[in-house]
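**Student:** how would this look folded up:
(one chain, ligands or ions: 2)
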Amino acid sequence: MQTNKRPPASLIFIFGGSGDLNFRKLIPALYNLYIDDWMPEKFAIVGIGRKDFSDESYRDRLLEGIQQFSRRKGEQNGKWAEFSKSVHYLRMDAEKDASYTGIADKAREMEKAWGTHPNILFYLAVAPQLVPDIATKLSKVELCGDRKCTRIVVEKPFGHDLQSAHELNKLLTSLFSEEQIYRIDHYLGKETVQNLLALRFANALFEPIWNRNYIEHVQITAAETVGVEGRGGYYETSGALRDMVQNHILQILCMVAMEAPVSFDANEIRNKKVDVLNAIRRINPEDVHSVAVRGQYGEGWMKGEKVPGYRQEESVDKNSNTETFAAVKFYIDNWRWQDVPFYVRTGKRLREKNTVISLHFRPAPHYAFPPEAAETWRPNRLTITVSPEMDIRIRFQAKRLGQTMSLDPVDMIYKYDKDSQGHEPEAYETLLLDAMEGNPTLFMRADQVEAAWKVITPILETWQTRPPVDFPNYVPNSWGPEDAEALIARDGHNWATLSVNQQ
Ligand SMILES: NC(=O)C1=CN([C@@H]2O[C@H](COP(=O)(O)OP(=O)(O)OC[C@H]3O[C@@H](n4cnc5c(N)ncnc54)[C@H](OP(=O)(O)O)[C@@H]3O)[C@@H](O)[C@H]2O)C=CC1
Ligand SMILES: O=C1O[C@H](COP(=O)(O)O)[C@@H](O)[C@H](O)[C@H]1O
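**Tutor:** Ligands and ions are numbered 1, 2, ... in the order given. Below is the predicted model of the structure:
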């Protein structure tokens, strides 16, 4: 969502500078922005943590992260040496340190060196329980005379439920103005998710049919092949509904279902999205079992390798009832979407890593072709593959070559990778650049986060009060529990096939 100019001088403090997210995502993103000439002319990055690093040993550690996880893995002809000169480490216990003088000193040092007040970004890549304390202390640090120069980026999970999200919002908005708070959801930085706006609102072709008159149902799948990967401690407090549905999937759903914005003003886009969340039909607790399915993977095999069940993962309770799979049917009660089901599902240890949105169109009103032509008939479908492939496909019927009138479903495909030649920015690159520029469009506003919690609260509460009796209920390398198939089959539909050669 960037403009074509570099952001102003920026000083970026990363709480969690010695942590996994910074190592795997944030530093690689900032480095790639640097290589692509998107970083400010003047910038400094200060990683904060309790571990012991000198600037030198910190840079060496971060280079290992680049080599493992960055889309450009090397030192890029000396670019790493140039970039890393601006990377520093500040050893500090963010809980015990009362005054954060190290931060104020660093800000003064950079101001003096640059001869200007930089924008200051505080990225809170730490466990959620540290956020209130750090935010409160940061709000008291003397910085650059004008507090408007600061922005605070808050990682997910944003709260544990509606109540805690509300309290966190209340605290943050008492310390900072809403314009300074950037609640991150990395799915919104993904190229294909952003392209939904272009597809829908830069083309006259789709909008007239983008409604209940033509669309029978919508599916959103965010499937992962990985298990909890050492994050069992966090995942035990979360589960698939909180980890993926409350944020990423509902945000995608909003992009699919929102009304056309009048402008690209951040609040205009966010208003249109929150309208969708507010229109999602509230689920009665007694209906939860018929519209929501949960699952947990047992032990099994993935691509020839034996993998443990969720209950055998590190830091997971041996009798855990945490769901690693969730599927939900939502309805949106508004003029555009009345009675169109939105089926969403997400899970770990599923057969493929794939995030896909598909819009399934109603059948043509009359089929004049001979019966044999109809044998392979499929309804029209628009599929947007978000990741790891990035493409848009339109399925339609075409005449098979030859003398008979036989029809086949075919796909018209636009592939992003063809244009990007492997240079597509990662979500965190887009979002960090937006945060430096001060563009909050792709970040969540306080009311959006709370509205999303409201949507899933009845499911969370029902699942909490009625523990599952059949966990684990799906094997790795499957598409989740059988009940998820039944959820959609009851309405006469199937989950869309996700492989590259889609049906
Ligand atoms: N990792 C990921 O893929 C993702 C993570 N997130 C979110 O990002 C956040 C961070 O996750 P992740 O990086 O995985 O967590 P890690 O456990 O790897 O890192 C935690 C970081 O917090 C620091 N920290 C903890 N306590 C203190 C303290 N008292 N003072 C200063 N620093 C402290 C640690 O520093 P030290 O060890 O040096 O004390 C470490 O740098 C979480 O909210 C998570 O949900 C969101 C999406 C994906
Ligand atoms: O936020 C999260 O997202 C990842 C999946 O992200 P993706 O970009 O790889 O699709 C998920 O693994 C993790 O559990 C969750 O916290």
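**Student:** switch to C-alpha atoms for all contacts and neighbour counts from now on
**Tutor:** OK.
**Student:** How many residues are close by residue 163?
**Tutor:** Neighbours of residue 163 under the rule other C-alpha atoms under 10 Å: 13.
**Student:** Pull up the gap between it and residue 110, please.
**Tutor:** 39 Å (C-alpha to C-alpha, to the nearest Å).
**Student:** Give me the pLDDT for the most far-flung residue of the chain relative to its centre.
**Tutor:** Of all residues in the chain, residue 403 has its C-alpha farthest from the mean position, at 48.8 Å, by C-alpha atoms, centre = their mean. pLDDT for residue 403: 85.
**Student:** What of the one 5 residues further on?
**Tutor:** The model reports residue 408 with a pLDDT of 89.
**Student:** Surely it is within a strand?
**Tutor:** Yes - counting by DSSP: H, G, I helix; E, B strand; the rest coil, one finds residue 408 located in a strand.
**Student:** ok, now which ones touch the residue of the stretch 251-400 of the chain found nearest ligand 1?
**Tutor:** Nearest to ligand 1 in the stretch 251-400 of the chain, going by C-alpha to the nearest ligand atom, is residue 315, at a distance of 13.2 Å. Counting by C-alpha atoms under 8 Å, 6 or more residues apart in numbering, residue 315 touches 230, 231, 232, 233.
**Student:** Which of these are buried? Put it as a PyMOL command.
**Tutor:** Paste this into PyMOL to select the buried members of the contacts of residue 315, with burial taken from 16 or more other C-alpha atoms under 10 Å:
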select buried, resi 232
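**Student:** Is it correct that residue 258 is in contact with residue 270?
**Tutor:** No - counting by C-alpha atoms under 8 Å, residue 258 stays clear of residue 270, with 9.6 Å between them.
**Student:** pLDDT below threshold where in the stretch 151-300 of the chain?
**Tutor:** Across the stretch 151-300 of the chain, nothing is flagged by pLDDT under 70.
**Student:** Name the residues of it found near ligand 1, please.
**Tutor:** Contact residues, the stretch 151-300 of the chain versus ligand 1 (C-alpha under 6 Å from any ligand atom): 155, 156, 157.
**Student:** run the last query once more with 8 Å
**Tutor:** Proximity of the stretch 151-300 of the chain to ligand 1 (C-alpha under 8 Å from any ligand atom) is limited to residues 155, 156, 157, 186, 231, 234.
**Student:** picking up where we left off before, I'd like the contacts of residue 315 as CSV, with secondary structure appended.
**Tutor:** What follows is the contacts of residue 315, written out as CSV (three-state DSSP):
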residue, secondary structure
230, coil
231, coil
232, helix
233, helix
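**Student:** which one of the contacts of residue 315 is nearest ligand 1?
**Tutor:** residue 231 (7.6 Å).
**Student:** ok, which stretches of the stretch 251-400 of the chain are helices?
**Tutor:** Counting by DSSP state H, counting those that start in this stretch, the stretch 251-400 of the chain has helices at residues 266-279, 288-291.
**Student:** Buried deepest among those helices, which one?
**Tutor:** Sort the helices of the stretch 251-400 of the chain by mean neighbour count, taking mean count of other C-alpha atoms under 10 Å, and helix 266-279 sits at the top with a mean of 19.
**Student:** ok, residues contacting it?
**Tutor:** If you take C-alpha under 8 Å, 6+ apart as the criterion, helix 266-279 is touched by 250-251, 254-255, 257-263, 332-334, 439-442, 444-445, 447-448, 451-452, 455.
**Student:** CA atoms of it as CSV?
**Tutor:** In CSV, the C-alpha atoms belonging to helix 266-279 read as follows (Å, rounded to 0.1, in the frame of the first residue of the first chain):
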residue,chain,number,x,y,z
ALA,A,266,-7.6,4.1,6.0
ASN,A,267,-10.7,4.7,8.0
GLU,A,268,-13.0,4.4,5.0
ILE,A,269,-11.6,0.9,4.3
ARG,A,270,-11.7,0.0,7.9
ASN,A,271,-15.3,1.2,8.3
LYS,A,272,-16.4,-0.9,5.4
LYS,A,273,-14.7,-3.9,6.9
VAL,A,274,-16.1,-3.5,10.4
ASP,A,275,-19.6,-3.2,8.8
VAL,A,276,-19.2,-6.8,7.7
LEU,A,277,-18.1,-8.0,11.1
ASN,A,278,-21.1,-6.3,12.6
ALA,A,279,-23.4,-7.9,10.1
